[in-house]
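Q: Sequence and predicted structure below; questions after.
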Amino acid sequence: MKFFIDTANLEQIKEAEALGVLDGVTTNPSLMAKEGIKGEKAVLQHYVDICNIVDGPVSAEVLGTDFDTIVKEGEALAKLHKNIVVKVPMIKEGIKAIKYFTDKGIKTNCTLVFSAGQALLAAKAGATMVSPFIGRVDDSNWDGVQLIEQIVQVYDNYGFATEILAASIRNPLHIVRCAEAGADIATCPLSSIEGLFKHPLTDIGLAKFLEDAKKMG
Ligand code: E4P
């Protein structure tokens, strides 16, 4: 399973990269706004800065909702760096644009996916990745991990190459459950990745080993 970090915060991206287990980055307009990135020039530079930290796919989201604008924005984003993946919303115009990008060899991440039917459309359009938002599904009293299981089954049935990127992860258990379900990628806040380290028996065991080590002279 690949680990992506779901943030536009450069310090957190550097911290996750330093762990040595990071495979990529996802951003969205809300995460960019949270970092106070304003204006086209600053936004594009920020994506380049992220690409210079992590050598892996970096999702950069288009803001347009009609085919021509999505294509124009996506082509400009793709030119920024070889690792940019154009993130496109799951709407009719978005699916048309994903098919266009696929034919041009531009990588895409179909975002805001909340059903297996939407994931099927994204795969048929040739999306490189599909992003089911499991935390938001859970928030609305449905089962986000069950959605991952369903998409895994649909993609396996037909051998679709689209990677399943479990998004909107809220905690370390989400990561583990998505791994069990067969998600190809989990994009997570740094806190969820760091939560994977935690086990009280590890802490107790290490304290005991260090205490006993003192007796070794
Ligand atoms: C990433 O691709 C998504 O935009 C992100 O995981 C959404 O997460 P949220 O539901 O916590 O906003």
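A: Yep, it's here.
Q: what residues does stretch 2-12 touch?
A: Applying Cβ atoms under 8 Å, 6 or more residues apart in numbering, the contact partners of stretch 2-12 are 13, 16, 21-27, 31-32, 34-35, 37, 46, 49-50, 53-54, 56-57, 59, 165, 167, 169, 175, 184-190, 193. Quick note: C-beta positions are derived from backbone N, CA and C, even for glycine.
Q: now stretch 175-195: mean pLDDT?
A: Mean pLDDT, stretch 175-195: 98.
Q: Next one: the residue of the chain most remote from its centre from the ligand, what distance?
A: Among the C-alpha atoms of the chain, the one most distant from their mean position (Cα atoms, centre = their mean) is that of Gly217, at 48.2 Å. Per Cβ to the nearest ligand atom, to the nearest Å, Gly217 is found 51 Å from the ligand.
Q: Give me the pLDDT for that residue.
A: You'll see Gly217 listed with a pLDDT of 78.
Q: In what element of secondary structure is Gln146 found?
A: helix 144-158 (DSSP states H and E).
Q: Give me the subset of the contacts of stretch 2-12 that also touch the ligand.
A: Checking the contacts of stretch 2-12 against the ligand by Cβ under 6 Å from any ligand atom, the ones in range are Thr26, Ala167, Thr187.
Q: May I ask which helix or strand encompasses the residue most central in space within the chain?
A: By Cα atoms, centre = their mean, the chain has its centre lying nearest to Thr187, at 3.6 Å. Following DSSP H and E, the helix or strand that holds Thr187 is strand 185-188.
Q: thinking again about what came up before, correct me if wrong: the residue nearest to the centre of the chain contacts Ile164.
A: No. Using Cβ atoms under 8 Å, Thr187 is not in contact with Ile164; the gap is 11.1 Å.
Q: Just checking, which helix or strand succeeds the host helix or strand of Ile50 along the chain?
A: Take DSSP H and E as the rule and Ile50 turns out to sit in helix 40-53. Note on helix 40-53: by DSSP H and E, the next helix or strand toward the C-terminus is strand 58-61.
Q: Which strands or helices does the helix or strand that comes right after that following strand pack on?
A: Heading C-terminal from strand 58-61, the first helix or strand you meet, by DSSP H and E, is helix 67-80. Using 3 or more Cβ pairs under 8 Å, 6 or more residues apart in numbering; DSSP states H and E, the elements in contact with helix 67-80 are helix 40-53, strand 84-89, helix 92-104.
Q: Format these as CSV; extra columns: mean pLDDT and mean neighbour count.
A: Shown next, in CSV, are the helices and strands packed on helix 67-80 (pLDDT from 0 to 100; neighbours: other Cβ atoms under 10 Å):
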stretch, mean pLDDT, mean neighbour count
helix 40-53, 97, 15
strand 84-89, 98, 25
helix 92-104, 98, 19
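Q: residues from the protein in reach of the ligand?
A: Checking the chain against the ligand by Cβ under 6 Å from any ligand atom, the hits are Asp6, Thr26, Asn28, Thr111, Ser131, Phe133, Gly135, Arg136, Ala167, Ser168, Thr187.
Q: Nice, that's everything, thank you.
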